[in-house]
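Colleague: take a look and give me a structure for this.
(2 chains)
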Amino acid sequence: SQQGEEDPQALSIQEGENATMNCSYKTSINNLQWYRQNSGRGLVHLILIRSNEREKHSGRLRVTLDTSKKSSSLLITASRAADTASYFCATLSGNTGKLIFGQGTTLQVKP
Amino acid sequence: GAGVSQSPSNKVTEKGKDVELRCDPISGHTALYWYRQSLGQGLEFLIYFQGNSAPDKSGLPSDRFSAERTGGSVSTLTIQRTQQEDSAVYLCASSSSQGAPLGYTFGSGTRLTVV
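Modeller: Next comes the predicted model:
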């Protein structure tokens, strides 16, 4: 079953613009993570935000978490062509140890 | 090793044949996960190992799918009597402990094509 729903499914912007992707989930979580995937292969972990955190930064990435709305957003500032990829949110719940992934947002950054 | 290694990177097989996919996690990572990704889709959870045991096999699609892990390290995912709908990228990930507090490290995947 899919926990996360991501919005938009696809996003196309110009280099230098900001990109915002949203993720909604259904059950209570321990943490929420964002991953990036190039060319349909392995995913790379970008950032993790715990359920008791509201905002986190890493370089040009900013993640917010609203547990009351069961939603998160990923902001990439000053985007670059190299940011072109698919971005997935994933949630960790309970003691299962497994991440449940959303369907992803495909980001295209035009040079 | 330095990263999660999966082999083969690509596999083309005839319908009805058995296939074995291998995952070599990061040394010392106790938790290992298998996911499947169909074209343009999200990741579908298959199975999770903590050490050599599999506390959660709930994602295995049918009894044609099985997985094992030996020595707390290498894992193999076996698909028997492959069907065309098994075609997908199979991704393996590992983490340093249950609950993935620092996130997963993924391998590059095995692209399986059943013809």
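Colleague: and the helix or strand of chain B with the lowest mean pLDDT, which strands flank it?
Modeller: One helix or strand of chain B scores below all others by mean pLDDT, DSSP states H and E: strand B:53-56, with a mean of 88. If you go by DSSP bridges, strand B:53-56 pairs up with strand B:43-50 (antiparallel).
Colleague: list the buried residues of the partner strand.
Modeller: The neighbour-count check on strand B:43-50 (16 or more other C-beta atoms under 10 Å in any protein chain shown) flags B:43-50 as buried. Using the backbone N, CA and C atoms, a C-beta is placed for each residue, glycine as well.
Colleague: what about residue 69, neighbour count?
Modeller: Using chain A. 9 (other C-beta atoms under 10 Å in any protein chain shown).
Colleague: that's the wrong chain, I wanted chain B
Modeller: So residue B:69, with other C-beta under 10 Å, has 21 neighbours.
Colleague: residue contacts, it?
Modeller: When contacts are counted by C-beta atoms under 8 Å, 6 or more residues apart in numbering or on different chains, residue B:69 touches B:32, B:49, B:51-52, B:54, B:75.
Colleague: and the pLDDT at the residue in chain A that chain B sits nearest to?
Modeller: Chain B sits closest to residue A:45 of chain A, with a gap of 3.6 Å, by C-beta to the nearest C-beta. Looking at residue A:45, its pLDDT reads 93.
Colleague: then residue A:93?
Modeller: In the prediction, the pLDDT value recorded for residue A:93 is 77.
Colleague: what number of residues lie near the residue of chain A closest to chain B?
Modeller: 18.
Colleague: centre of the chain versus the following helix or strand past the least confident helix or strand of chain B, how much separation?
Modeller: For strand B:53-56, the following helix or strand on the C-terminal side (DSSP states H and E) is strand B:65-69. A distance of 8 Å separates the centroid of the chain from that of strand B:65-69, by C-alpha atoms, centre = their mean, to the nearest Å.
Colleague: got the contact list for the host helix or strand of residue A:90?
Modeller: Taking DSSP H and E as the criterion, residue A:90 maps to strand A:85-92. Outside strand A:85-92, the residues that touch it by C-beta under 8 Å, 6+ apart are A:3-4, A:6, A:21, A:23, A:25, A:27, A:29-38, A:40, A:43, A:46, A:72, A:74, A:98-107, B:42-43, B:99-100.
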